[in-house]
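In: have a look at this fold, sequence not included:
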């Protein structure tokens, strides 16, 4: 599954930013291709993504399907499509993944659970997931609040399987740091929004490339769950400072969360320009190899696959 990877890197599934061109470009470049397959993705677009990825011969795709929607009608239809295309990796979040694990294992796929606390991690492991993605502070979109310097080693103390690290990573040093802490794969989201292939509006891309770290704010205003946002994009649609700091609020007329309010992680501080996926990945692979020439990350991932097959 992991043998075509160019470096231990995953593109995060992201609302609106996920697109078929982005996913295909990532897979072809040797990066795990994330797709936001949640409740807002129409079924025809969902299948178009799976069909396009089935034609690639690069790194595997990973589809985010929140556990709490996997049992509703739309979720059932998406599960059927995942089974039709034998999706190798499914990212679970926001709910009990037990039933999802059973379904995905039925066609030979694997389930990775997105977690933000130790208790989340423990419950996911009890449910039989095949891997964990630890989302740490600094992540774009729905964020965690634990530092990776403590969270990743703490999870590694109790779990020896696949561990993906997310939160504030945008360069080769961040990838190396994630693995040095005990992770197997680093996850980048914000860095891949600033590519021509992402599905966001042009203003989102350019704002990421020109935003400093101090303009990133945590707010639950959009859907009641804390997420990191570019302050300028929230103010541009008429949300004031008090609203931004508070809980879920009604959106101004015509404004849609995530599409018109721009999410980004603290890694904006490391992003200076919009860069095509192929160029970005080639540069990161070269810089990562220079940082860690002796690191046998491929051997580690091969061992995890062996674990799964036993």
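Out: Arrived safely, thanks for sending. Everything numeric in this text was worked out from a predicted model, so none of it was measured.
In: show me the strands in the stretch 101-250 of the chain, by range?
Out: Secondary structure of the stretch 101-250 of the chain (DSSP state E, counting those that start in this stretch): strands at 110-115, 131-135, 141-142, 162-166, 185-188, 216-219, 227-230.
In: check these for me: which has the lowest mean pLDDT.
Out: Note on those: strand 141-142 shows the lowest mean pLDDT, a mean of 80.
In: who touches that strand?
Out: Here strand 141-142 makes contact (CB atoms under 8 Å, 6 or more residues apart in numbering) with 12, 14-15, 135, 189, 225-228, 263, 265. For every residue, glycine as well, the C-beta is placed using N, CA and C.
In: hmm, which of these are the buried ones?
Out: The neighbour count (16 or more other CB atoms under 10 Å) marks 12, 14-15, 135, 189, 226-228, 263, 265 as buried among those.
In: closest one of those residues to residue 26?
Out: Nearest to residue 26 out of the buried ones among the contacts of strand 141-142 is residue 12 (CB to CB; 10.3 Å).
In: give me phi/psi at the nearest residue to that closest one once chain neighbours are set aside?
Out: Among residues not flanking residue 12 along the chain, residue 189 sits closest, at 3.4 Å (CB to CB, 6 or more residues apart in numbering). Phi and psi for residue 189, reported as degrees, to the nearest 10, are phi -120, psi -60.
In: shaky segments in the stretch 101-250 of the chain?
Out: Per-residue confidence for the stretch 101-250 of the chain (pLDDT under 70) gives these ranges: 241-242, 245-247.
In: where along it do the helices fall?
Out: 118-126, 148-158, 172-180, 190-193, 202-210, 231-236, 241-245 (DSSP state H, counting those that start in this stretch).
In: of all those helices, which one is nearest residue 2?
Out: Comparing the helices of the stretch 101-250 of the chain by CB to CB, helix 172-180 comes nearest, at 13.8 Å.
In: mind checking how far the helix or strand hosting residue 78 is from the chain centre?
Out: Residue 78 is part of helix 73-84 when elements are defined by DSSP states H and E. How far helix 73-84 lies from its chain's middle: 20 Å, per CA atoms, centre = their mean, to the nearest Å.
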